[in-house]
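>>> what's the 3D shape of this:
(one chain, ligands or ions: 1)
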Amino acid sequence: MTQTKLEKARTYEKEQGAQIPPEERPLFHVTPAVGWANDPNGFSVYKGTYHLFHQYYPYDIHWGPMHWGHLTSTDLIRWEYLPAALAPDAEYDKQGVFSGSAVELPDGRQLLMYTGVYGREDVAECFQAQCIAVGNGRDYKKYEKNPVITADRIPEDCSPKDFRDPKIWRDEEEGCYYAVMGMRTADKSGAVVLFSSQDGFSWDYVTVLDRCRKEYGSMWECPDFFELGEDGMAVLIVSPQEMQAKGMEFHNGNDVVGFLGHYDRKHHRFTREHAFAVDYGLDFYAPQTLKTPDGRRVLIGWMQAWENSHLCRKGARWQGMFTLPRELTAKDGRLIQQPVQELLNYRQNPVLHKDIPLQPQTRLPGISGRILDMTVDLWPEEGGSSDSFTVRFAENDTYCTDIVYHPQENTVCFDRTYSGFPHNIITCRKAPVRDQGGRLRLRILLDRFSAEIFVNDGEQVLSACIYTPQEAAGISFLASGAGRFDVEKYELVF
Ligand code: FRU
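Model (predicted):
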């Protein structure tokens, strides 16, 4: 009997995924069962369990006809693989099941909303429209009336070739559904459109929620929109293509921009008040959020830059991973991001060093490793200050990665120049940090192939992949100037 595309993917990932030894993966970051992953999709709660889907091509470590991979978790930290959820097997998605989202229906089914790509072989020339599949948390059936939203439903000019990535949510107050989609307008700039639905299947155009008039890129991918905190504060997050760099805030190419503002629910009007980088690291794109049952807004991103996503580790059988889920709050016109509190349950073997005077280079007993959660607190000595302070990790005689703080500049730089990349890729990126008179707190999460740096309790985050051999596990502190620091380090253990 011939297998369907989905059955073929499920058989393949089961056989091949089992052959990847656990030490070839990160411990607490999600990777595809086998092959390629990009964007998180369908990050949601269904029947009390967290679901994470993702863009997926199991047969290669490079992007190909998109499927949806699938995992579940009870605590956002430990994830279990489920069989692939969707394959490009219908007329309206035969060139790819692109990004989308998920929601639980009142009748107990799970609804997936995604972009179907169809038409010519050349994906850039294909049409994009929004589609639906419904299932039980494991197996899904595509809706017979797909596609449910096409670009001609938007009164203003929207390219039918760039209309994608629906993010759906249920509005409990109004008892209906909304979804935002990314699009490219006639002036070749990014915009987000809002649709509404009573049942999740039949959709009405509401408005263009925001557009950038060429200020923030040429196409807005993977939008997410949610209220945060009190007083109608709302956040719009988009992943623009072809951004132009702007100081330390934005870099060229595919970037992720957060807009914080106010949402007038009645008139569906979003007024932007602040624009900022969501992550200042070298590898971060297409984040998506969910609301936990206890009311926290949690974000997960693809920890990869498109521009060098084709440069894989030698011998790798997977490519693409996701950040640790992060809790979001808003403060002073910015997003604050903290690792989800559930991570604390996996901390073991604490090592504490207090009041260490700054020296040119310091090594501390018990401070090393490549899977850990470490917090470093720095402060200046009375009347003095540090000129620079570096946390160096994944270090041996050949390799190292540095987080460098310059108090005079109020910057933190992620520098992976010596982390072992065999390619000519970007290796440094700086984030502006708040002036606290030379005080700084860094929380550093390492997990074999990546580092996520949370600065000053999550005011800035820098995420990046490092492909450094695992035996480079040293950590040291480099400094000039007068100051002291504390270190608190935990292993992360499952
Ligand atoms: C963003 C993106 C989405 C699209 C998907 C295709 O990374 O380009 O816009 O749906 O990836 O894999």
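>>> make it CA atoms for all contacts and neighbour counts henceforth
OK.
>>> and the residue of the stretch 101-250 of the chain found nearest the ligand, what does it touch?
Distances between the stretch 101-250 of the chain and the ligand by Cα to the nearest ligand atom are smallest at residue 221, namely 4.5 Å. Each residue near residue 221 by Cα atoms under 8 Å, 6 or more residues apart in numbering is listed here: 164-165, 181-183, 238-241, 286.
>>> would you check how far apart it and residue 98 are?
11 Å (Cα to Cα, to the nearest Å).
>>> and for the two, which residues touch both?
Common neighbours of residue 221 and residue 98, counting by Cα under 8 Å, 6+ apart, are 164-165.
>>> nearest residue to the residue minimising distance to the centre of the chain in space, please, no chain neighbours.
The centroid of the chain falls nearest to residue 301 when counting by Cα atoms, centre = their mean (0.7 Å). Excluding the flanking residues, the one nearest residue 301 by Cα to Cα, 6 or more residues apart in numbering is residue 287, at 3.8 Å.
>>> what of residue 93?
residue 116 (4.0 Å).
>>> wait, the one you found touches residue 147, no?
Yes. The pair residue 116 / residue 147 is scored as a contact, 7.4 Å apart, by Cα atoms under 8 Å.
>>> neighbour count winner among the two?
For residue 116 versus residue 147, neighbours defined as other Cα atoms under 10 Å are more numerous around residue 116 (29 against 19).
>>> quick check: the more buried one vs residue 96, distance?
Distance from residue 116 to residue 96, by Cα to Cα: 6 Å.
>>> got the residues of the chain near the ligand?
Contact residues (Cα under 6 Å from any ligand atom) of the chain with the ligand: 39, 55, 98-99, 164-165, 221-222, 286.
>>> mind redoing it with 5 Å?
Applying Cα under 5 Å from any ligand atom, we find that the chain lies next to the ligand at 98-99, 221.
>>> out of these, which are inside helices?
Judged by DSSP state H, those include no members of helices.
>>> export those as CSV, with columns for pLDDT.
As requested, the residues of the chain next to the ligand are exported to CSV (pLDDT from 0 to 100):
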residue, pLDDT
98, 98
99, 98
221, 98
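>>> mind listing which of those are in strands?
Of the residues of the chain next to the ligand, the ones assigned to strands by DSSP state E are 98-99, 221.
>>> now those residues in a markdown table, with distance to residue 416?
Below are these laid out as a markdown table (distance: Cα to Cα, whole Å):
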| residue | distance to residue 416 |
| --- | --- |
| 98 | 32 |
| 99 | 30 |
| 221 | 28 |
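>>> of those, closest to residue 8?
Set against residue 8, the nearest of those by Cα to Cα is residue 98 (18.8 Å).
>>> nearest spatial neighbour of the closest one, chain-adjacent residues omitted?
Excluding its sequence neighbours, the residue lying closest to residue 98 (Cα to Cα, 6+ apart) is residue 115, at 4.9 Å.
>>> state the number of residues packed around the one you found.
Around residue 115 there are 28 other residues, counting by other Cα under 10 Å.
>>> so where does it fall, helix or strand?
For residue 115, the host element (DSSP states H and E) is strand 110-118.
>>> who does that strand pair with, and is each partner parallel or antiparallel?
strand 96-104 (antiparallel), strand 127-135 (antiparallel) (DSSP bridges).
>>> mind listing the strands for the stretch 201-350 of the chain?
Ranges of strands in the stretch 201-350 of the chain, per DSSP state E, counting those that start in this stretch, are 203-211, 219-227, 233-241, 257-264, 269-277, 285-291, 297-302, 318-319, 326-331, 334-339, 347-357.
>>> how close does the residue with the largest distance to the centre of the chain sit to the ligand?
Within the chain, the residue lying farthest from the chain centre (Cα atoms, centre = their mean) is residue 383, at 41.1 Å. Applying Cα to the nearest ligand atom, to the nearest Å, the value for residue 383 to the ligand is 49 Å.
>>> with residue 324 instead?
From residue 324 across to the ligand, the span is 18 Å (Cα to the nearest ligand atom).
>>> and what about the closest residue to that residue other than its chain neighbours, helix, strand or coil?
Distance criterion Cα to Cα, 6+ apart; nearest residue to residue 324, sequence neighbours excluded, is residue 29 at 6.0 Å. Here residue 29 is recorded as coil under DSSP: H, G, I helix; E, B strand; the rest coil.
>>> contacting residues around residue 29?
77, 321-324, 447.
>>> tell me the domain ranges of this structure?
Listed by automatic domain parsing, the domain ranges of the chain are 5-342, 343-492.
>>> quick one: average pLDDT of the shortest one?
Across domain 343-492, the average pLDDT comes to 96.
>>> between the two ends of that domain, how far is it?
8 Å.
>>> what does the first one give?
Between the opening and closing residues of domain 5-342 there is a gap of 37 Å (Cα to Cα).
>>> residue 14 belongs to a helix?
Yes. Applying three-state DSSP, one finds residue 14 inside a helix.
>>> could I have the CA atoms of stretch 368-386 written out in CSV?
This file holds the C-alpha atoms of stretch 368-386, laid out as CSV (Å, rounded to 0.1, in the frame of the first residue of the first chain):
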residue,chain,number,x,y,z
SER,A,368,32.3,25.5,34.3
GLY,A,369,30.1,23.5,32.0
ARG,A,370,27.9,23.8,28.9
ILE,A,371,24.5,23.0,30.4
LEU,A,372,23.8,25.5,33.1
ASP,A,373,21.9,28.5,34.6
MET,A,374,24.3,31.1,36.0
THR,A,375,23.7,34.6,37.4
VAL,A,376,26.5,37.1,37.7
ASP,A,377,26.1,40.3,39.6
LEU,A,378,28.6,43.1,39.2
TRP,A,379,29.0,46.3,41.1
PRO,A,380,31.6,49.1,41.2
GLU,A,381,33.9,49.6,44.1
GLU,A,382,33.3,52.8,46.2
GLY,A,383,34.7,55.7,44.2
GLY,A,384,35.9,53.4,41.3
SER,A,385,34.3,51.5,38.5
SER,A,386,35.1,48.7,36.1
